[in-house]
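Q: Below is the structure, and that's it, no one-letter string:
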């Protein structure tokens, strides 16, 4: 067995440390940490300096980082927020995005983009909720009607594209009926497991055990949550789907059954984010840059022209439906919400990897799509903040909580 080299992992780890240091020294730099990590990966990867290649240790840690990222994304979904009037409004707007996404997908294919229209539609309707939540918290709007509307729309634009990507493009079944049947069977099994875990979770004995072992070396809550994520990812692969579906579903389940019970342990999610954003997730983003095919863009000038087309398509598909919000929050706030909804990155990274592997998109068009995602995450949030009025666009729906100052967070997701 050949000896494994961890040289690449060390370089990536150094980059993961350098990025937040840079953001800390230049707090007004309007670039999310995830974008800087991908750009740094491009710099140290084979396309530029050639310091790091996608060897076995980097690939394994990157896959774990992807799973952790999707698990944390599922953990951020506010299921209750999708049931109210804001959720219904966001659902109507998302339905409009789906129609526009299909139209833009076919239009892009007609003008020469080497990608399947339905695949493009699934990618274009996505939103990076992980980038928006810290932004809204920094602005003190995550409890306001505006922030809750944006997060409800972003939740839909994460949940549905993950399911569609898994169903249509990552499933191993060859027929649509077999894929749909496998998905229903998987979801039914996950629901049964969730109900069983929810019943067990309500036992007083488990409460006492979790409380006793939470802050010791056992870290039982964290271990249980991460094991559930791994188990669901394994189940998804056994049913013929990408592991991301299982990891995302595990995050949703942990959020729903609440492993921290009715009085959440103050450090539970902080510890999970420490494991994810402190180690695994940055490796995934840097490794994404390492495998970014710059040559595919340079050697195919037409691919460079696709970048503004993809960026425009994101605006059309995700920002235009935000016009439905004008009556509720006003024109400027609706325009800001549209720009936030058009912000995407994580799902584009995942989708381009699956799409290039399955032949849904060419390598050059995949590189252009990823470049457009990087630009959207860099440009759209800063423009959205500038469009916001000086005061919150709507009163908080939780008056008692709105007085509490928002905890400042970096744009690292």
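A: Happy to help now that I have it. The structure displayed is predicted, hence computed values, not measured ones.
Q: Please compute how far the helix or strand hosting residue 381 lies from its chain's middle.
A: Assigning secondary structure by DSSP states H and E places residue 381 in helix 363-387. The chain centroid and the centroid of helix 363-387 are separated by 14 Å, computed with Cα atoms, centre = their mean, to the nearest Å.
Q: So for the closest residue to residue 158 other than its chain neighbours, what pLDDT did the model give?
A: Sequence neighbours aside, residue 129 is the residue nearest to residue 158 in space, at 5.1 Å (criterion: Cβ to Cβ, 6 or more residues apart in numbering). C-beta coordinates here come from the backbone N, C-alpha and C atoms, glycine included. In the predicted model, residue 129 carries a pLDDT score of 80.
Q: count of neighbours near residue 129?
A: Residue 129: 28 surrounding residues under other Cβ atoms under 10 Å.
Q: With residue 22 instead?
A: As a burial measure, residue 22 scores 14 neighbours (other Cβ under 10 Å).
Q: Wait, a helix at it?
A: Yes: assignment of residue 22 by DSSP: H, G, I helix; E, B strand; the rest coil places it within a helix.
Q: Could I get the phi/psi values of the closest residue to it other than its chain neighbours?
A: Once flanking residues are discounted, residue 22 sits nearest to residue 36: 6.9 Å by Cβ to Cβ, 6+ apart. Backbone torsions of residue 36, given as degrees, to the nearest 10, read phi -60, psi -40.
Q: May I ask you to confirm that residue 36 is in contact with residue 20?
A: No: using Cβ atoms under 8 Å, residue 36 is not in contact with residue 20, being 9.1 Å away.
Q: Quick check on the two: which one has the bigger neighbour count.
A: Remark: of residue 36 and residue 20, residue 36 carries more neighbours, 24 against 17, as counted by other Cβ under 10 Å.
Q: tell me the pLDDT at residue 195?
A: pLDDT, residue 195: 82.
Q: Could you look up the SS state of it?
A: Recorded secondary structure, residue 195: helix (three-state DSSP).
Q: ok, back up a step: show me what the helix holding residue 381 is packed against.
A: Where contact means 3 or more Cβ pairs under 8 Å, 6 or more residues apart in numbering; DSSP states H and E, helix 363-387 is packed against helix 33-44, helix 129-138, helix 294-298, helix 301-314, helix 331-341, helix 346-358.
Q: Now do that helix against helix 346-358, angle only.
A: Interaxial angle, helix 363-387 versus helix 346-358 (axes from the mean of the first three to the mean of the last three Cα atoms, to 10 degrees): 170 degrees.
Q: Now helix 363-387: average pLDDT?
A: Mean pLDDT, computed over helix 363-387, is 90.
Q: Buried residues of it, list them for me.
A: Across helix 363-387, burial judged by 16 or more other Cβ atoms under 10 Å covers 363-381, 384-385, 387.
Q: so it versus helix 301-314, what angle?
A: Using the same axes, to 10 degrees, helix 363-387 lies at 40 degrees relative to helix 301-314.
Q: from here on, count from 27
A: Noted, 27 is the first residue going forward, which turns the last one into helix 389-413.
Q: Specify the angle between helix 389-413 and helix 59-70 in degrees.
A: Angle of helix 389-413 versus helix 59-70, following the same axes, to 10 degrees, is 140 degrees.
Q: my read: residue 94 touches residue 274, true?
A: No: using Cβ under 8 Å, residue 94 is not in contact with residue 274; the gap is 11.1 Å.
Q: Looking at the two now, which is surrounded by more residues?
A: residue 274 (29 against 24).
Q: Tell me who's in contact with the more buried one.
A: Contacts were defined as Cβ atoms under 8 Å, 6 or more residues apart in numbering; by that measure residue 274 touches 96, 97, 99, 100, 184, 185, 188.
Q: possible to save those as JSON lines with pLDDT and distance to residue 145?
A: Putting the contacts of residue 274 into JSON lines (pLDDT from 0 to 100; distance: Cβ to Cβ, whole Å) gives the following:
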{"residue": "96", "pLDDT": "86", "distance to residue 145": "19"}
{"residue": "97", "pLDDT": "89", "distance to residue 145": "24"}
{"residue": "99", "pLDDT": "82", "distance to residue 145": "20"}
{"residue": "100", "pLDDT": "82", "distance to residue 145": "23"}
{"residue": "184", "pLDDT": "86", "distance to residue 145": "17"}
{"residue": "185", "pLDDT": "85", "distance to residue 145": "18"}
{"residue": "188", "pLDDT": "88", "distance to residue 145": "14"}
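Q: Pull the most distant pair out of the residues you listed.
A: Pairwise distances among the contacts of residue 274 were taken by Cβ to Cβ; the largest, 13.7 Å, belongs to 97 and 185.
Q: Comparing the two, which residue is more hemmed in?
A: residue 97 (29 against 20).
Q: Tell me which other helices or strands the host helix or strand of the more buried one touches.
A: Applying DSSP H and E as the criterion places residue 97 in helix 82-102. If contacts are counted by 3+ Cβ pairs under 8 Å, 6+ apart, helix 82-102 sits against helix 33-51, helix 155-164, helix 171-191, helix 246-264, helix 269-283, helix 294-301, helix 307-316, helix 372-384.
Q: Please pull up the helix or strand immediately following that helix.
A: Trace forward from helix 82-102 with DSSP H and E and the next one is helix 111-136.
Q: Please state the offset of that next one from the chain centre?
A: 18 Å.
Q: now the stretch 127-276 of the chain, which segments are flagged as low pLDDT?
A: 164, 168, 197, 199-200, 227-228, 230, 232-233, 236-241, 244 (pLDDT under 70).
Q: JSON lines please, covering the helices and strands packed on helix 82-102 and showing distance to residue 135.
A: Listed next are those as JSON lines, based on distance: least, Cβ to Cβ, whole Å:
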{"stretch": "helix 33-51", "distance to residue 135": "36"}
{"stretch": "helix 155-164", "distance to residue 135": "28"}
{"stretch": "helix 171-191", "distance to residue 135": "18"}
{"stretch": "helix 246-264", "distance to residue 135": "29"}
{"stretch": "helix 269-283", "distance to residue 135": "25"}
{"stretch": "helix 294-301", "distance to residue 135": "39"}
{"stretch": "helix 307-316", "distance to residue 135": "25"}
{"stretch": "helix 372-384", "distance to residue 135": "13"}
